[in-house]
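Asker: Quick check, what structure comes out for this input:
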Amino acid sequence: MNIGKRILENVSKNKEVISATIVGSYTENKNLDLIGDLDVVVICKKLSSHLIKNLNKKISKINVNKQKKKIIINPSFGPLKINSNKHLPVHLMIYDVESHIEHVCSSPFTCYDWERSNLYKGTALKNIFPVNYLQLRDFFNSRRSSTEYLKDLLKNRISIRNYILSGKKIKLKKKYVKINSRNRGEFVYHIINFLIINLYKFLKNKNIKLTSKEFKKLFLQITLNDKNLFKQFSNLKKRKEQKSLDYDHTEIVLAKKFIYKYNKFLNNIKKNTIDIKFIRHAKTKKNIKNIFLGSGSDPDIIKKKQTNKNNQKYDLIITSNLKRSISTSKFYKSKKTINKGLINEINYGRVEGMSYSQLKTNYPSITKAWKKDFDIRFPKGESTKDVQGRVKKFLNYLKKIKNIKKILIISHSFFIRVLLGVFLKYNLKKIYQLKIPHLKKLEFLKKDNRILLNIDRKYFKKFHKEIYD
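Answerer: Down below sits the predicted model:
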């Protein structure tokens, strides 16, 4: 059994561990002489000092056999590498479920890459809390962005986080580690390599690896065909592979030039996308009554004037055919407003206006079907699948829109739930649990011929909790 599998076997024996995954270079090349370290991600039910010490001890005692090396643990969170000819560095990252979710939200690039690994025991990382997609906003707002990388590099440091254990208390503390000339070269290579990989995944909208040919093509596309810059990067890569220590300050110049062009490329993508905001209409009196309010009722909104001034202008506002959506559009300024029945609320048919208890009494077959996880059509109305069909048709309609910069779409709670369910791959039989506040904007983008999600990742956490808790 190879060292990776032995580590997974040992770690997963602990009852508190729900997932153990080998990530990083070892997943593609199991030759220990050709990798810097072995990265292990552990997700447990609950963090404790005892658990952390126990897992460190278990892994440290594993015999590396043929390599005749001892394992040394790197317990930090971040790109810090331990170089040792006498030891096998194991980068051990331990999270509980909650801190893993926080990490996914703050560092989606890293966690998305981890999800590609098939070397795991227990639950797959993407089944605990998935990244889903890389979004354009991730490149500007997430930890380990190009700007943050450059800031650390210019200060000759790496930011890492470590657990501080004090009795039963555990604190995660951020600190900066000074880097030497070798680590600086490694760091520059790491930065450029992963910035390209992450951008490729975003552009393809898939969690896939790119070939060396695709890497070069994208590098030159970003740098406007700067072949000299690519040559400098290739030389840096060779020195890394040869484990040469003769790094100098030229890699700093390389990083600065590349990141400047990379950020310009990202801003150009942002400039050339259509910004799309979905919102739920303003409140009606019937929303307060907690009844089945669909397209069969047409109440108006309670407040005809918005208390907070909204100065943002839109090129186009799209409303449903219902009064509550059309009236809400008066809150916003737009060059043009149109109505689309495709974004109407679900049609509850004969159930329209009933409470849940009335539905249960009058149509017991519906609630019985729900308990069996069936998607059933409301009498003379629609099912979730019917709304899903409208969502897909509307997305196809949006794909055809051109020469517009900003669109506001005023729809309804169930329609937006299904929309999110389609993008976030939720079980559509459970999306009724999503809470969609009135007037809360959810951002999407249109890039080329694709509609892309672009919402704050705190909503991923909120929606996941509502669906699965």
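
Asker: Count the residues that sit near Lys399.
Answerer: Residues within reach of Lys399, counting by other C-beta atoms under 10 Å, total 13. In this view, the C-beta of every residue, glycine as well, is placed from N, C-alpha and C.

Asker: can you pull the pLDDT of the nearest residue to it once chain neighbours are set aside?
Answerer: Leaving aside its sequence neighbours, Lys399 sits nearest to Asn449 (C-beta to C-beta, 6 or more residues apart in numbering; 5.4 Å). pLDDT, Asn449: 90.

Asker: helix or strand right after the one helix or strand Tyr112 maps to?
Answerer: According to DSSP states H and E, Tyr112 maps onto helix 108-114. Remark: after helix 108-114, the chain's next helix or strand is strand 120-122, criterion DSSP H and E.

Asker: by contact count, what packs against that following strand?
Answerer: When contacts are defined as 3 or more C-beta pairs under 8 Å, 6 or more residues apart in numbering; DSSP states H and E, strand 120-122 sits against helix 3-12, strand 17-23.

Asker: now for the shortest one, which elements pack on it?
Answerer: It refers to strand 17-23. Going by 3+ C-beta pairs under 8 Å, 6+ apart, strand 17-23 lies up against helix 3-12, strand 38-44, helix 108-114, strand 120-122, helix 125-128.

Asker: For it, what is the distance to the chain centroid?
Answerer: 19 Å (C-alpha atoms, centre = their mean, to the nearest Å).

Asker: now for the helices and strands packed on strand 120-122, which one comes closest to Phe230?
Answerer: strand 17-23 (27.5 Å; C-beta to C-beta).

Asker: how about the closest one as CSV, C-alpha atoms only?
Answerer: The C-alpha coordinates for strand 17-23 follow below in CSV (Å, rounded to 0.1, in the frame of the first residue of the first chain):
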residue,chain,number,x,y,z
VAL,A,17,-13.3,12.1,11.0
ILE,A,18,-15.9,12.2,8.3
SER,A,19,-13.6,12.9,5.3
ALA,A,20,-9.9,12.5,4.6
THR,A,21,-8.5,13.6,1.2
ILE,A,22,-5.1,13.7,-0.5
VAL,A,23,-4.9,16.8,-2.7
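
Asker: Note down every partner strand of it and its orientation.
Answerer: Next to strand 17-23 in the sheet, as set by DSSP bridges, lie strand 38-44 (antiparallel), strand 120-122 (antiparallel).

Asker: Just put those strands in JSON lines and tack on mean neighbour count, mean pLDDT and distance to Asn235.
Answerer: Shown next, in JSON lines, are those (neighbours: other C-beta atoms under 10 Å; pLDDT from 0 to 100; distance: least, C-beta to C-beta, whole Å):
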{"stretch": "strand 38-44", "mean neighbour count": "24", "mean pLDDT": "93", "distance to Asn235": "26"}
{"stretch": "strand 120-122", "mean neighbour count": "19", "mean pLDDT": "95", "distance to Asn235": "36"}
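
Asker: which one of the ones you listed lies closest to Leu439?
Answerer: That would be strand 38-44 among those, by C-beta to C-beta, at 36.3 Å.

Asker: and the next element down the chain from the closest one?
Answerer: Immediately after strand 38-44, counting by DSSP H and E, sits helix 49-60.

Asker: Who are the packing partners of that next one?
Answerer: By 3+ C-beta pairs under 8 Å, 6+ apart, helix 49-60 packs against helix 3-12, strand 38-44, strand 70-74, strand 87-96, strand 157-166, strand 169-178.

Asker: Which among those is found nearest to Gly421?
Answerer: Short answer: strand 38-44, nearest of the helices and strands packed on helix 49-60 by C-beta to C-beta, at 25.0 Å.

Asker: In PDB, list the C-alpha atoms belonging to that closest one.
Answerer: Taking Å, rounded to 0.1, in the frame of the first residue of the first chain, the C-alpha atoms of strand 38-44 are listed here in PDB:
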ATOM      1  CA  LEU A  38       2.000  15.500   0.500                       C
ATOM      2  CA  ASP A  39      -1.200  17.500   1.200                       C
ATOM      3  CA  VAL A  40      -3.900  16.000   3.400                       C
ATOM      4  CA  VAL A  41      -7.300  17.600   4.100                       C
ATOM      5  CA  VAL A  42      -9.300  16.300   7.000                       C
ATOM      6  CA  ILE A  43     -12.900  17.200   7.800                       C
ATOM      7  CA  CYS A  44     -14.100  16.200  11.300                       C
END
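
Asker: starting at the chain centroid, how far to it?
Answerer: Worked out by C-alpha atoms, centre = their mean, strand 38-44 lies 19 Å from the chain centre.

Asker: Other residues contacting it?
Answerer: With contacts defined as C-beta atoms under 8 Å, 6 or more residues apart in numbering, strand 38-44 is touched by 3-4, 7-8, 11, 14, 16-26, 32, 51, 55, 59, 88-97, 100, 114, 122-123, 125, 128.

Asker: Please produce JSON lines containing the strands paired with strand 17-23, extended by distance to Ile401.
Answerer: As requested, those are exported to JSON lines (distance: least, C-beta to C-beta, whole Å):
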{"stretch": "strand 38-44", "distance to Ile401": "41"}
{"stretch": "strand 120-122", "distance to Ile401": "42"}
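
Asker: With respect to Lys213, which of these lies nearest?
Answerer: Using C-beta to C-beta, the strands paired with strand 17-23 put strand 38-44 closest to Lys213, at 26.5 Å.

Asker: Contacts only, for Lys441.
Answerer: By C-beta under 8 Å, 6+ apart, the contact set of Lys441 is 277-279.

Asker: try 7 Å
Answerer: 277, 279 (C-beta atoms under 7 Å, 6 or more residues apart in numbering).

Asker: average pLDDT for the longest helix belonging to the chain?
Answerer: The longest helix of the chain (DSSP state H) is helix 181-204. In this model, helix 181-204 has an average pLDDT of 88.

Asker: Identify the residues contacting that helix?
Answerer: 79, 81, 109, 112, 134, 146, 149, 153, 156, 158, 179, 207-208, 210, 214-215, 218-219, 233, 236-237, 239-240, 245, 247, 251, 254-255, 258, 262.
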